[in-house]
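Participant: Need a 3D model of the sequence below.
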Amino acid sequence: MITALLVDDEPKAIDRLSEMLEAVESIDVIGRASSVDEAERFLRGRAPDVVFLDITMPGRLGVDLLGSIPQGTAVVFVTAREGYAVEAFRSGAVDYVLKPFDHDRLAITVERLEKRFAANEGRGTGEPAAADLGGDRTKAREISGDEGQAVRLASGRGAGFVVVPYATIAWIEAVQNYTRVQIIGEQLTVVRRTMQEWEAILPPAFARISRSLIVQVPMIRSTQWQSRDQMLVFFAGLDEPLPIGRTPMARLKDLLRLS
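Facilitator: The predicted structure follows:
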């Protein structure tokens, strides 16, 4: 699963891009932003695999966001201006797509992204690079077993394991073929387990609110609207909120209404 943040100040353009990408099985749009400032706020809490970035926006240009994009996150420029192509590719962009774009052109971009991340996964070490995991510096921890209301994880310090109660897990996010787990009182933990494998063992308190995100609903203590495309979710025991996009926002609203 490739997670994506869309940044564009034109509502029709970002709606079309979102609709087209959400039809792609390998892409999960986890957030949308209409300005560089809004995108920066999102990136403080999440590290998407790719940012689809418009260049000419009111206030600050899209290139002003490059310094805030996490190492290892790919960039695809989506713009009506041809003149920035050289600068874009110098910055390491995966692709440069001119508006108005169509399904065939976007399919080329998706293929390039899939090849990029497939190559990362096939480096031969079996481990993703720290940059590919949004800045996580530890190797992916193995899950050695499940114990009713807890999961056993390799200790990360060598031999042995630690028992992590499910009640202490706030959210789980897909990162390519791994998952990133937010455990209360710990830094983000990367483990070798897919979203499907987590769904098979997690208790009913957990809900998958998008292709790439599972949250423990009873741990949510409040939400805060940022825009029509972004919400902050605050969990008990965590200082930092989790930014989510439009699709998981709608799903979460339904779950909180029913709980």
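
Participant: And the helices in the stretch 51-200 of the chain, which stretches?
Facilitator: Counting by DSSP state H, counting those that start in this stretch, the stretch 51-200 of the chain has these helices, from start to end: 85-90, 103-121, 195-201.

Participant: Take these and write them to JSON lines, including distance to Val233, mean neighbour count and mean pLDDT.
Facilitator: Every C-beta, even on glycine, is put in place using the N, C-alpha and C of the backbone. As requested, the helices of the stretch 51-200 of the chain are arranged in JSON lines below (distance: least, CB to CB, whole Å; neighbours: other CB atoms under 10 Å; pLDDT from 0 to 100):
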{"stretch": "helix 85-90", "distance to Val233": "33", "mean neighbour count": "13", "mean pLDDT": "72"}
{"stretch": "helix 103-121", "distance to Val233": "26", "mean neighbour count": "14", "mean pLDDT": "87"}
{"stretch": "helix 195-201", "distance to Val233": "18", "mean neighbour count": "14", "mean pLDDT": "89"}
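
Participant: looking at those, which is closest to Gln149?
Facilitator: Closest to Gln149 of those, according to CB to CB: helix 195-201, at 10.6 Å.

Participant: Give me the residues contacting the closest one.
Facilitator: Met1, Asp146, Val151, Ile172, Ala174, Thr179, Phe206, Arg208, Arg211, Ser212, Ile214 (CB atoms under 8 Å, 6 or more residues apart in numbering).

Participant: Recalculate using a threshold of 10 Å.
Facilitator: For helix 195-201, contacts defined as CB atoms under 10 Å, 6 or more residues apart in numbering pick out 1, 28, 143, 146, 151, 166, 169, 172-174, 179, 181, 191, 193-194, 206-208, 210-214.

Participant: distance of Ala150 from Phe161?
Facilitator: Per CB to CB, to the nearest Å, Ala150 is found 11 Å from Phe161.

Participant: thinking again about what came up before, now, which of the contacts of helix 195-201 lie within strands?
Facilitator: 28, 143, 146, 151, 169, 172-174, 179, 181, 191, 206-208, 210, 213-214 (DSSP state E).

Participant: Return a ChimeraX selection command for the buried portion of the contacts of helix 195-201.
Facilitator: The following ChimeraX line selects those of the contacts of helix 195-201 that are buried, judged by 16 or more other CB atoms under 10 Å:
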select :1,28,143,151,166,169,172,173,174,179,181,191,193,206,207,208,210,211,212,213,214
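
Participant: in the stretch 1-150 of the chain, which spans are strands?
Facilitator: 2-7, 27-33, 50-53, 74-79, 95-98, 143-146, 150-154 (DSSP state E, counting those that start in this stretch).

Participant: what's the least confident stretch among these?
Facilitator: Taking the average pLDDT of each of these, the minimum falls on strand 143-146, with a mean of 60.

Participant: picking up where we left off before, can you put the helices of the stretch 51-200 of the chain in TSV and add distance to Met20?
Facilitator: Putting the helices of the stretch 51-200 of the chain into TSV (distance: least, CB to CB, whole Å) gives the following:
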stretch	distance to Met20
helix 85-90	20
helix 103-121	6
helix 195-201	23
